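Peer 1: my questions are about this predicted structure, shown below with the sequence.
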Amino acid sequence: MTAQSSDGSGLSVRDLAVRYGRSNRALEAVTLTVAPASVVSVMGVNGAGKTTLARAITGMLHFHNGVADGGQITWDGRSIKGMHPAAVVRAGISQTLEGRRIFPELTVEQNLVVGGMTRRNDKELKGVMDSIYDMFPRLAERRLQIAGYLSGGEQQMLAIGRALMQSPRLLVLDEPSLGLAPKLVDQIRLTIGAIRDLGTSVLLIEQNATMALSVSDYGYVLSHGRVNKEGPSADILRDPEIKTFYLGLDLDEAGASR
Ligand code: ATP
């Protein structure tokens with residue numbers, strides 16, 4: 001199994017190079033593919049370049065003084081490199097940011113409405129919101145509550161729900177398990193599987209390799225701004241070199257959570 005799509009559909013990143021400021025090189029040459037209806041994980045230690053990759057795809061680099069100065073990013077065969085974030089969303093790619101960036105002073109429902117700003121009318125907005133509440137009953141129960149008072153896991157659900165309000169064909173999740181207890185990490189994992197089963201691809205940026213590999217079809221390991229290893233997630237879990245050198249994983253621990 002590979003992450004490649006034969007007809008050019010989905011996301012394709014080729015030899016992507018990114019620098020911050022004049023000379024701080026964060027990505028050297030990154031190549032990866034996300035085929036339709038697949039979950040692809042990008043793992044690596046702190047500073048490997050994971051968030052930078054997400055920013056380059058979603059058009060956010062510019063806000064961080066970053067420049068993609070080499071390579072290509074295409075979505076369904078069309079270049080999206082350097083595109084404005086709103087245009088990327090309109091093209092069908094939504095994201096959650098590292099650390100569950102919700103609007104803490106707004107209610108759950110208001111957060112979802114903000115996520116669905118581009119919806120054409122109230123009926124369409126309500127329809128998609130109901131589908132989010134079906135996926136996350138906990139959010140439905142708390143829809144009038146101020147989002148800042150939700151638990152960490154609920155805030156992450158809200159961040160994902162808000163991104164899904166655009167009905168994206170690709171969801172980019174940056175470290176959704178960050179700071180969550182194991183039980184909640186498990187819930188996020190199940191949610192990611194459910195999103196894929198509904199036909200949305202997921203690019204999962206994760207430092208928690210055990211979680212990432214247990215839900216993804218294919219994985220990439222970034223190190224110093226390059227893809228050092230890639231392969232079907234099941235193969236990565238079996239490769240002792242990757243586990244110990246790149247991911248710091250214990251085999252039994254990784255196998256046990258599958
Ligand atoms: P983490 O898991 O800690 O978030 P990461 O793998 O997501 O790490 P990045 O945040 O993409 O890594 O960082 C890659 C490199 O780029 C690091 O050396 C980092 O210091 C640098 N970097 C990231 N953002 C900026 C910025 N806005 N300005 C300058 N350098 C940056």
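Peer 2: That came through fine. If you're wondering where the values come from, they're calculated on a predicted model, not measured in any experiment.

Peer 1: mind checking the pLDDT average for the longest helix along the chain?
Peer 2: Using DSSP state H to define each element, the chain has its longest helix at helix 182-197. Over the span of helix 182-197, the pLDDT mean works out to 91.

Peer 1: pull the residues that contact it.
Peer 2: For helix 182-197, contacts defined as C-beta atoms under 8 Å, 6 or more residues apart in numbering pick out 37-39, 135-136, 152-153, 156-157, 160, 164, 171, 173, 176-177, 180, 202, 204, 208, 211, 214-215. In this view, the C-beta of every residue, glycine as well, is placed from N, C-alpha and C.

Peer 1: I figured residue 129 hits residue 111, correct?
Peer 2: No - checked against C-beta atoms under 8 Å, the pair residue 129 and residue 111 is beyond contact range at 10.7 Å.

Peer 1: those two: who's more crowded?
Peer 2: Neighbours were counted for residue 129 and for residue 111 using other C-beta atoms under 10 Å; residue 111 has more, 25 against 22.

Peer 1: please, which helix or strand holds the more buried one?
Peer 2: Using DSSP states H and E, residue 111 sits within helix 108-115.

Peer 1: what packs against that helix?
Peer 2: Applying 3 or more C-beta pairs under 8 Å, 6 or more residues apart in numbering; DSSP states H and E, one finds that helix 108-115 contacts helix 122-135, helix 152-164.

Peer 1: in it, what's buried?
Peer 2: Within helix 108-115, the residues that count as buried by 16 or more other C-beta atoms under 10 Å are 108, 109, 111, 112, 113, 115.

Peer 1: okay, angle between that helix and helix 122-135 too, please.
Peer 2: Calculated by axes from the mean of the first three to the mean of the last three C-alpha atoms, to 10 degrees, helix 108-115 forms an angle of 120 degrees with helix 122-135.

Peer 1: now helix 108-115: average pLDDT?
Peer 2: On average, the pLDDT along helix 108-115 is 93.

Peer 1: tell me how far it is from the chain's mean position?
Peer 2: How far helix 108-115 lies from its chain's middle: 19 Å, per C-alpha atoms, centre = their mean, to the nearest Å.

Peer 1: again with stretch 192-209
Peer 2: Worked out by C-alpha atoms, centre = their mean, stretch 192-209 lies 7 Å from the chain centre.

Peer 1: ok, stretch 129-140 next?
Peer 2: Remark: stretch 129-140 is offset 20 Å from the chain centroid, using C-alpha atoms, centre = their mean.

Peer 1: what number of residues lie near the residue of the stretch 101-250 of the chain found nearest the ligand?
Peer 2: Proximity of the stretch 101-250 of the chain to the ligand (C-beta to the nearest ligand atom) peaks at residue 207, 5.2 Å away. Number of residues near residue 207 (other C-beta under 10 Å) recorded here: 18.

Peer 1: wait, it touches residue 45, no?
Peer 2: Yes - assessed by C-beta under 8 Å, residue 207 is found in contact with residue 45 at 7.1 Å.

Peer 1: near the ligand, which residues of the stretch 51-200 of the chain are found?
Peer 2: Within the stretch 51-200 of the chain, the residues that sit near the ligand (C-beta under 6 Å from any ligand atom) are 51, 52, 64, 65.

Peer 1: hang on, the last one packs against residue 21?
Peer 2: Yes - checked against C-beta under 8 Å, the pair residue 65 and residue 21 is within contact range at 5.7 Å.

Peer 1: and residue 121, how many neighbours does it have?
Peer 2: Neighbour count of residue 121, defined by other C-beta under 10 Å: 8.

Peer 1: no further questions, thank you.
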